[in-house]
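> Sequence and computational prediction follow.
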Amino acid sequence: GHILFTGIIYYLYIVDIFDHFVKFQLLSCTWIKMDHNNSETKDTLVQLLSPQRLREKVAVITGGARGIGAATARVFAENGAHVVIADILNEVGTSLAESIGGRYVRCDVSKEEEVESAVKVAVEWKGRLDIMFNNAGIAGFGGSITNIKMDQMMTLLAINLHGVVHGIKHAARTMIEGKRGGTIICSSSSAAIMGGLASHSYTMSKEAILGLARSTACELGVHGIRVNCISPHGVPSEMLVSEFQKFLGNTELRPNEVSSIVGERGSLLRGRGGRLEDVAQAVLFLASDESGFVTGHNLVIDGGYTSAFSQMSFIYND
């Protein structure tokens, strides 16, 4: 038994050495073939030498102080990115930025000049912009279409939709000028796919984002810029928890309880609700080179909820 165990240890050691040797050979071949005066050479070598998926990438996240934005900021930083958090929650945003070695800038996305300034912060800090995550949004105002208040709807659209337009516009300008390509990700929602999940104004804003992402992906592809969306469902962000509290009349409702409700009633993965980290990992994929051939796409993170009517699953029983 002792001899067998020792043999296994030696075998694993040899395999590990061989793995490192192969990586070294690949790196050597890559180095020989590269144009060492090209700025892309350094980036490629950094990617080969680091397991971090966003090593040295520069990102701006709107609505990045809490919820999905904050979870994504942490994941980006863990994967080597330099993150600028753009939000109106100054204290929370500043604290988070300091904790991940990033930057915070106050940004009301409904104001174009503030979004432009957020992008400039990234460029002045690190010299470029690689990733733009247009995530800021509000839940909106419910009620019947017959009683909808246009001023409230316009307020929501200014943030949820116009804010995304501002983000794409100024990120694209910077990325085109930098001639390095880039990736732009926009937060949509399951409400854009299935009716009856949110207010009319919110639904309209999120569906418009899908169309905008497709059309801008068409235009910007020639510059190496990818544009994609994420559409979460039932993920217990502060915004969703607040909406559940209002709907259920329970101000003590906690995020884990919301996740449990969604897991039982709003997911094909019965008992498994969505988490902020699920969305952050999806955004990470779209931000990384692993999704280099993905653009104009809407990545739905919903436990299959919008894909099938789970109440009919009995037809598959023998």
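Sure, I can see it.
> For the most centrally placed residue in the chain, which non-adjacent residue is closest in space?
When the chain is reduced to its mean C-alpha position, the closest residue under Cα atoms, centre = their mean turns out to be Val283, at 2.9 Å. Closest residue to Val283 in three dimensions, ignoring its sequence neighbours and counting by Cβ to Cβ, 6 or more residues apart in numbering: Thr72, at 4.9 Å. Yep, even glycine has a C-beta here, placed from its N, CA and C like the rest.
> what does the helix or strand where that neighbour lies contact?
When elements are defined using DSSP states H and E, Thr72 is found to belong to helix 67-78. Where contact means Cβ atoms under 8 Å, 6 or more residues apart in numbering, the residues beyond helix 67-78 that reach it are 52, 54, 57, 59, 61-64, 83, 85, 87, 96-97, 100-102, 131, 133, 135-136, 187, 232, 235, 237-239, 276-277, 279-281, 283-284, 287.
> and those residues, which of them are in helices?
If you go by DSSP state H, the contacts of helix 67-78 have 96-97, 238-239, 276-277, 279-281, 283-284, 287 in helices.
> Pull stretch 217-233 out as PDB, backbone CA atoms only.
Backbone C-alpha positions of stretch 217-233 (Å, rounded to 0.1, in the frame of the first residue of the first chain) are rendered in PDB as follows:
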ATOM      1  CA  ALA A 217     -23.700  45.000 -32.100                       C
ATOM      2  CA  CYS A 218     -24.300  45.200 -35.800                       C
ATOM      3  CA  GLU A 219     -22.700  48.600 -36.100                       C
ATOM      4  CA  LEU A 220     -19.800  48.100 -33.700                       C
ATOM      5  CA  GLY A 221     -18.600  44.600 -34.700                       C
ATOM      6  CA  VAL A 222     -16.300  46.000 -37.400                       C
ATOM      7  CA  HIS A 223     -14.400  47.700 -34.600                       C
ATOM      8  CA  GLY A 224     -14.000  44.500 -32.600                       C
ATOM      9  CA  ILE A 225     -16.500  45.700 -30.100                       C
ATOM     10  CA  ARG A 226     -19.000  43.100 -28.800                       C
ATOM     11  CA  VAL A 227     -22.400  44.100 -27.400                       C
ATOM     12  CA  ASN A 228     -24.500  41.700 -25.300                       C
ATOM     13  CA  CYS A 229     -27.200  41.600 -22.700                       C
ATOM     14  CA  ILE A 230     -27.900  39.700 -19.600                       C
ATOM     15  CA  SER A 231     -31.500  39.000 -18.500                       C
ATOM     16  CA  PRO A 232     -31.700  37.900 -14.800                       C
ATOM     17  CA  HIS A 233     -34.900  36.600 -13.200                       C
END
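> buried sites along it?
Within stretch 217-233, the residues that qualify as buried are 217, 220, 223, 225-233, counting by 16 or more other Cβ atoms under 10 Å.
> from the residues you listed, which is closest to Ser144?
The shortest gap between Ser144 and any of the buried residues of stretch 217-233 belongs to His233, at 23.7 Å (Cβ to Cβ).
> pLDDT at that closest one, what is it?
Each residue has a pLDDT score; the one for His233 is 89.
> which of the ones in helices among the contacts of helix 67-78 count as buried?
Burial by neighbour count, judged by 16+ other Cβ under 10 Å, picks out 96-97, 239, 276, 279-280, 283-284, 287 from the ones in helices among the contacts of helix 67-78.
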